[in-house]
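> here are the coordinates; sequence isn't available:
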Ligand SMILES: O=C(O)C1=C[C@@H](OP(=O)(O)O)[C@@H](O)[C@H](O)C1
Ligand SMILES: C=C(OP(=O)(O)O)C(=O)O
């Protein structure tokens with residue numbers, strides 16, 4: 001896929017449904033009694049891995065044109081799958097599902113693609129084992145494939161050593177099957193979709209500060225879930241509209257949960273022209289329309305508690321920083337190293353190929369803005385966020401940018417390139 005300097009971006013767009021919320025809707029819909037109707041479900045490869053896993057455990061999931069109907073069988077209704085469950089590229093599916101599988105009465109094996117097989121699973125094996133789960137990393141290196149033998153679980157209090165919503169969620173979901181309350185404390189709030197959706201489906205779950213506590217054996221009831229647009233997908237259009245001169249884009253129906261809105265806060269800090277309109281609440285989640293206009297940007301320091309609220313947006317934020325005046329520091333973001341690629345390395349090497357002045361650090365990167373980027377051959381490393389971030393860089397760089405394995409955007413945003421093109425004004 002090739003990109004050159006873009007004509008202004010102009011108009012309105014609706015991005016596909018939120019990936020995190022889509023995964024959780026399938027999971028809780030399957031564990032609830034009755035039918036859950038999900039609209040604006042993300043039909044990306046990661047969420048399809050979640051659907052296939054629950055279908056393999058006996059859940060009837062109807063995939064209609066605009067909706068997903070999940071015929072849940074209750075907390076104890078899953079059946080042993082006949083085969084190994086393939087998690088594809090999805091860390092979220094693997095870690096959250098492991099929490100659920102830990103409390104079943106059967107044994108399951110989970111595997112995934114080459115990228116997922118390199119990602120660390122000890123972060124969930126440790127707390128789930130403390131709860132009494134039996135989980136074995138078959139290669140013995142803390143990675144997939146995992147064999148999970150369902151066990152009776154005990155409630156624990158767990159302090160997460162890393163800022164990870166997947167770890168928090170795995171423990172809370174295992175807590176559904178524990179013998180008493182289970183609580184998780186984190187050092188900074190990570191995305192709280194699991195907590196909000198559990199409450200929405202009828203679980204007894206409370207949150208005080210950054211500690212959430214769940215009571216076991218709730219009676220979950222199927223619900224209607226309207227999935228908001230994914231702010232992580234909206235981030236690419238926010239960046240494109242800021243960078244391409246004379247652009248103005250309205251992104252409708254985006255989830256703006258405070259635990260996810262770090263990209264909005266970062267763009268504000270960088271002086272970008274971005275406004276929220278029509279704020280409302282859809283079921284459990286806050287939603288708004290986002291209006292973005294192009295304009296100059298200034299550097300910022302991005303770190304601390306802001307990081308979990310924009311962790312997946314850091315690649316595109318790094319692209320923005322190349323066009324900002326001054327030196328941007330991204331820190332406290334070690335988690336980037338264990339995503340679909342090592343995103344510190346893949347962002348820095350690709351930005352360098354485009355002529356950026358950027359250096360990797362142990363927990364992020366330092367970017368000296370104001371040096372024009374030029375086109376280059378970009379290696380996505382099959383990482384969807386890298387492909388999309390550098391497509392945006394290509395719209396603002398001199399010359400031609402080519403993205404290798406550009407199709408990996410299907411993980412979280414099938415139709416991304418078409419949507420981007422739909423905003424580009426025709427050249428006179
Ligand atoms: O819980 C989730 O849905 C996610 C949590 C984050 O991962 P970590 O929990 O590993 O930070 C994020 O990067 C991922 O895209 C989705
Ligand atoms: C890190 C991501 O997803 P996951 O961990 O679910 O693979 C992502 O979508 O950027």
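Received, thanks. A quick note: this is a predicted structure, and the numbers were derived from the prediction, not measured. Residues are numbered from 1 along each chain as shown. Ligands and ions are numbered 1, 2, ... in the order given.

> was I right about residue 354 contacting residue 373?
Yes - applying Cβ atoms under 8 Å, one finds residue 354 in contact with residue 373, separated by 4.3 Å. To be clear about C-beta, it is placed using only N, CA and C from the backbone, and glycine gets the same treatment.

> Residue 366 and residue 383, how far apart?
21 Å (Cβ to Cβ, to the nearest Å).

> How about the residues of the stretch 251-400 of the chain by ligand 1?
The stretch 251-400 of the chain has residues 311, 312, 335 near ligand 1, with proximity defined as Cβ under 6 Å from any ligand atom.

> sec struct for the second one, please.
Okay, so that is residue 312. helix (DSSP: H, G, I helix; E, B strand; the rest coil).

> secondary structure class for the residue in the stretch 101-250 of the chain that ligand 2 sits nearest to?
Relative to ligand 2, the nearest point of the stretch 101-250 of the chain is residue 166 (6.4 Å; Cβ to the nearest ligand atom). Judged by three-state DSSP, the three-state class of residue 166 is helix.

> For it, give me its contacts.
Applying Cβ atoms under 8 Å, 6 or more residues apart in numbering to residue 166 gives the contacts 91, 92, 95, 96, 123, 124.

> still on that earlier bit, neighbour count: residue 366 and residue 383, which is higher?
The residue with more neighbours, out of residue 366 and residue 383, is residue 383; 24 against 17, by other Cβ atoms under 10 Å.

> For the more buried one, report the pLDDT, please.
Note on residue 383: pLDDT of 98.

> Not counting its neighbours along the chain, what's nearest the one residue in the stretch 1-150 of the chain that gets nearest to ligand 1?
Closest approach between the stretch 1-150 of the chain and ligand 1, counting by Cβ to the nearest ligand atom: residue 20, at 3.2 Å. Closest residue to residue 20 apart from its sequence neighbours, by Cβ to Cβ, 6 or more residues apart in numbering: residue 193 at 5.1 Å.

> check contacts around that neighbour.
When the contact criterion is Cβ under 8 Å, 6+ apart, the partners of residue 193 are 18, 20, 21, 24, 165, 257, 285.

> and the residue of the stretch 1-150 of the chain closest to ligand 1, how many residues sit next to it?
Residue 20, neighbours per other Cβ under 10 Å, totals 29.

> Then residue 347?
30.

> quick one: pLDDT of residue 427?
65.

> hang on, residue 221 packs against residue 202?
Yes - counting by Cβ under 8 Å, residue 221 touches residue 202, with 5.0 Å between them.

> quick one: contacts for the residue nearest to residue 12 when sequence neighbours are not counted?
Spatial nearest neighbour of residue 12, chain neighbours left out: residue 250 (4.5 Å); criterion: Cβ to Cβ, 6+ apart. Shown in contact with residue 250 (Cβ under 8 Å, 6+ apart): 11, 12, 13, 277, 289, 290, 291, 292.

> after the helix or strand residue 250 falls within comes which helix or strand?
For residue 250, the host element (DSSP states H and E) is strand 248-255. Per DSSP H and E, the first helix or strand lying C-terminal to strand 248-255 is helix 262-269.

> List the beta-bridge partners for the residue nearest to residue 12.
Judged by DSSP bridges, the bridge partners of residue 250 are residue 12, residue 291.

> What's the separation between it and residue 262?
21 Å.

> what does residue 163 give?
12 Å.

> tell me the secondary structure for residue 162?
Secondary structure, three-state DSSP: residue 162 is coil.

> Tell me how many other residues surround it.
15.

> which residues touch it?
The contact partners of residue 162, by Cβ under 8 Å, 6+ apart, come to 123, 335.

> Look up phi and psi at it.
With angles defined as degrees, to the nearest 10, residue 162 sits at phi -120, psi 160.

> Look at it and report its pLDDT.
For residue 162, the pLDDT comes out at 97.

> can you pull the contacts of residue 144?
87, 94, 110, 111, 112, 116, 117, 119, 121, 137, 138.

> If we use 7 Å, what do you get?
By Cβ atoms under 7 Å, 6 or more residues apart in numbering, the contact list for residue 144 reads 94, 110, 111, 112, 116, 117, 121.

> Now the two most distant members of those residues.
111 and 121 (11.5 Å; Cβ to Cβ).

> neighbour-wise, which of those two wins?
residue 121 (24 against 16).

> What helices and strands are in contact with the stretch of helix or strand residue 62 belongs to?
Assigned by DSSP H and E, residue 62 belongs to strand 60-63. Applying 3 or more Cβ pairs under 7 Å, 6 or more residues apart in numbering; DSSP states H and E, one finds that strand 60-63 contacts helix 45-56, strand 67-73.

> Pairing partners for the shortest one, with directions?
Yep, that's strand 67-73 we're talking about. By DSSP bridges, strand 67-73 pairs with strand 33-39 (antiparallel), strand 60-63 (antiparallel).

> In the first one, which residues are buried?
Looking back up the chat, that one is strand 33-39. 33, 36, 37, 38 (16 or more other Cβ atoms under 10 Å).

> and the two most separated of those residues?
With Cβ to Cβ as the measure, no two of the buried residues of strand 33-39 lie farther apart than 33 and 38, at 16.1 Å.

> Tell me where the model's unsure across the stretch 301-428 of the chain.
427-428 (pLDDT under 70).

> Could I get the full set of strands for it?
Under the criterion DSSP state E, counting those that start in this stretch, the stretch 301-428 of the chain contains strands at 301-302, 327-330, 357-361, 364-368, 377-379, 401-404.

> now those strands as TSV including distance to residue 239?
What follows is those, written out as TSV (distance: least, Cβ to Cβ, whole Å):
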stretch	distance to residue 239
strand 301-302	14
strand 327-330	13
strand 357-361	16
strand 364-368	14
strand 377-379	15
strand 401-404	14
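
> Fine, thanks again, bye for now.
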